[in-house]
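Colleague: pasting a predicted model and its sequence here:
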Amino acid sequence: MNQIKPQPQSMADVWERWAWVWSAIFYVALAASLVLAFMGDVPTRGVSRQILFWASLSAVWHLLGAVYLVRRLPDFRAVPWLMSIYLVGAFGMWWLLIGLNPAFYFMLFGLYGQIFAFLPLRWAVPGAVLLAALVVSAVTGDEADGPLWLNPTFWLFQAITASGLLIAAWLNAIISQSVQRRELIEVLQATQADLAWAEREAGILAERQRLANEIHDTLAQGFASIVVHLEASEQALPPGATAAQQHLDQARRVARDSLAEARGLVWALQPERLQRGSLPEAVARVAQQWSAVTGIPAGVTITGDVRPLPPQAEVALLRAAQEALTNAGKYAAAREVAVTLSYMGDVVVLDVQDDGRGFDPAQLANAPAGPDGSFGLSGMRERAAQLGGTVEIESAPGEGTTVVVEIPLS
């Protein structure tokens with residue numbers, strides 16, 4: 001019924017919009033570490049080459065992992081194993097760099113936050129604890145007196161890490177709540193679109209009902225009144241008024257035909273048929289109601305695999321069935337009518353066949369539009385042509401008439 005539009009950039013997840021911030025912090029921290037490494041005691045040529053090599057490789061690794069992957073993956077946090085590979089490589093190179101120069105501790109400002117930015121909380125917690133242990137081990141080094149777990153510095157870093165984890169858990173809860181609210185907003189937007197569509201459809205149906213009521217209350221009632229007055233006038237004619245009688249008969253026929261057309265319009269404007277069920281059910285109801293009005297038996301046969309059609313196609317086929325039945329009742333003098341709705345592959349075919357007097361289709365094609373029904377057949381052909389379909393009339397004098405409407409599904 002509707003489709004939810006993709007979210008604009010302003011409504012994307014914060015960690016997606018702010019991923020570039022972590023890249024910027026990382027490269028600034030890496031550059032600052034390089035400057036600090038070469039500002040003090042100048043390393044030897046061999047150490048300098050190693051520093052430049054690992055720093056360059058770290059920059060390229062970050063470009064491939066934290067930049068390329070984040071942009072390529074629609075939800076990089078949903079593949080934590082892949083981001084974990086990047087982080088293990090990044091911290092491995094950082095470990096080598098701090099072994100060459102302690103200035104590269106400064107890189108932690110750009111690396112530590114990536115654990116929580118690129119991993120879900122259940123993956124980030126063990127990563128943060130492991131990093132804290134590595135930092136303590138690197139800071140204490142050979143100066144550690146006894147086991148690492150007895151070193152106060154170790155517990156200081158773990159306390160800091162625990163505080164960070166609490167903050168991360170709090171932020172993760174906020175993120176989860178935000179995601180739930182976003183999903184709720186999407187559902188509300190979809191519901192709002194459905195309501196707008198329903199209101200629009202209700203407006204269309206209400207207007208159709210209004211037109212049907214107006215036609216019934218004005219044109220139909222007016223023609224009915226004209227028929228009554230013409231019949232009353234016929235009773236008041238003096239004997240021998242042949243010419244006046246002929247005019248009254250003609251006027252009465254025109255009034256009755258117009259009344260039938262007005263009632264047909266009222267009938268056609270009723271929207272409930274397709275609303276209450278499928279196209280086969282609507283066609284069956286139309287045939288049943290037509291048979292009840294005319295007294296002519298009308299059988300309905302459905303063949304093929306019934307499936308929903310586009311609304312325009314269903315309306316065109318239903319209107320065609322109504323028009324063909326109306327013509328059969330008005331002009332064919334039929335004793336029986338057979339309606340067949342066939343679902344055949346990529347087309348749907350409607351056949352309305354009567355056993356009436358029939359006619360020469362060439363005469364109908366050359367006849368001007370008027371009381372003979374060509375207006376209805378013209379509208380039937382126009383509806384079918386708009387959908388790429390066709391309308392064929394098969395008839396001969398004394399052999400009945402078959403109206404064939406074919407609507408393609410593609």
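Modeller: That came in fine, so what should we check first? Numbers count the residues shown, from 1 in each chain.
Colleague: the lowest-mean-pLDDT helix or strand in the chain: what's the following helix or strand?
Modeller: In the chain, no helix or strand scores lower on mean pLDDT, DSSP states H and E than helix 272-275, which sits at a mean of 54. Per DSSP states H and E, the first helix or strand lying C-terminal to helix 272-275 is helix 279-294.
Colleague: quick one: contacts of that next one?
Modeller: 267, 273-274, 276, 296-300, 302, 306, 309, 314, 317-318, 321-322, 325-326, 329, 337, 339, 341, 350 (C-beta atoms under 8 Å, 6 or more residues apart in numbering). Heads up, the C-betas are built off the backbone N, CA and C, glycines and all.
Colleague: what about 6 Å?
Modeller: With contact meaning C-beta atoms under 6 Å, 6 or more residues apart in numbering, helix 279-294 is reached by 273-274, 298, 300, 302, 306, 314, 318, 321-322, 325, 329, 339, 341.
Colleague: ditto for stretch 341-354
Modeller: 280, 283, 302-306, 317, 320, 324, 328, 332, 334, 337-340, 400-410.
Colleague: mind checking which of those are buried?
Modeller: 283, 302, 317, 320, 324, 328, 332, 334, 337-340, 400-407 (16 or more other C-beta atoms under 10 Å).
Colleague: give me the phi and psi for Ala298.
Modeller: Here is the backbone geometry of Ala298 (degrees, to the nearest 10): phi -140, psi 110.
Colleague: so where's the stretch 1-150 of the chain shaky on pLDDT?
Modeller: 1-19, 42, 74-78, 137-150 (pLDDT under 70).
Colleague: which among the contacts of helix 279-294 end up buried?
Modeller: In the contacts of helix 279-294, the ones that pass as buried (16+ other C-beta under 10 Å) are 273-274, 298, 300, 302, 314, 318, 321-322, 325, 329, 339, 341.
Colleague: what helix or strand is Val349 on?
Modeller: With secondary structure defined by DSSP H and E, Val349 is part of strand 347-354.
Colleague: returning to that earlier point: now the two most distant members of the buried ones among the contacts of helix 279-294.
Modeller: Glu314 and Gly329 (22.8 Å; C-beta to C-beta).
Colleague: parallel or antiparallel, list what pairs with the strand holding Val349.
Modeller: strand 337-344 (antiparallel), strand 401-408 (antiparallel) (DSSP bridges).
Colleague: mind putting the ones you listed in JSON lines, distance to Phe26 and mean pLDDT included?
Modeller: Listed next are the strands paired with strand 347-354 as JSON lines, based on distance: least, C-beta to C-beta, whole Å; pLDDT from 0 to 100:
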{"stretch": "strand 337-344", "distance to Phe26": "62", "mean pLDDT": "94"}
{"stretch": "strand 401-408", "distance to Phe26": "59", "mean pLDDT": "93"}
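Colleague: next one: Ser48 from Met107, what distance?
Modeller: Separation of Ser48 from Met107 (C-beta to C-beta, to the nearest Å): 17 Å.
Colleague: more neighbours: which of these two?
Modeller: Met107 (24 against 15; other C-beta atoms under 10 Å).
Colleague: that one should be in a helix, yeah?
Modeller: Yes. Using DSSP: H, G, I helix; E, B strand; the rest coil, the assignment for Met107 is a helix.
Colleague: hmm, it is touching Tyr27, no?
Modeller: No. Using C-beta atoms under 6 Å, Met107 makes no contact with Tyr27, being 10.1 Å away.
Colleague: list the contacts for Ala255?
Modeller: 223, 226-227.
Colleague: I meant to write Gly389 there.
Modeller: 406-407.
Colleague: need phi/psi at it.
Modeller: According to degrees, to the nearest 10, Gly389 has phi -100, psi -180.
Colleague: with Pro310 instead?
Modeller: In terms of degrees, to the nearest 10, the main-chain angles of Pro310 are phi -60, psi 140.
Colleague: based on its surroundings, how many neighbours for it?
Modeller: Neighbours of Pro310 under the rule other C-beta under 10 Å: 11.
Colleague: with neighbour count, distance to Tyr112 and pLDDT as extra columns, can I get the contacts of Ala255 in a markdown table?
Modeller: Output for the contacts of Ala255, formatted as a markdown table (neighbours: other C-beta atoms under 10 Å; distance: C-beta to C-beta, whole Å; pLDDT from 0 to 100):
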| residue | neighbour count | distance to Tyr112 | pLDDT |
| --- | --- | --- | --- |
| Phe223 | 20 | 87 | 79 |
| Ile226 | 17 | 92 | 84 |
| Val227 | 18 | 93 | 79 |
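Colleague: would a markdown table of these with secondary structure and distance to Phe116 be doable?
Modeller: Below are the contacts of Ala255 laid out as a markdown table (DSSP: H, G, I helix; E, B strand; the rest coil; distance: C-beta to C-beta, whole Å):
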| residue | secondary structure | distance to Phe116 |
| --- | --- | --- |
| Phe223 | helix | 80 |
| Ile226 | helix | 84 |
| Val227 | helix | 85 |
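Colleague: host element of Lys199?
Modeller: Small correction: residue 199 is Glu, not Lys. Residue-wise, Glu199 maps onto helix 152-215 under DSSP H and E.
Colleague: ok and the helix or strand harbouring Gln246 relative to helix 279-294, angle-wise?
Modeller: Remark: Gln246 resides in helix 242-269, with elements defined by DSSP H and E. Angle of helix 242-269 versus helix 279-294, following axes from the mean of the first three to the mean of the last three C-alpha atoms, to 10 degrees, is 150 degrees.
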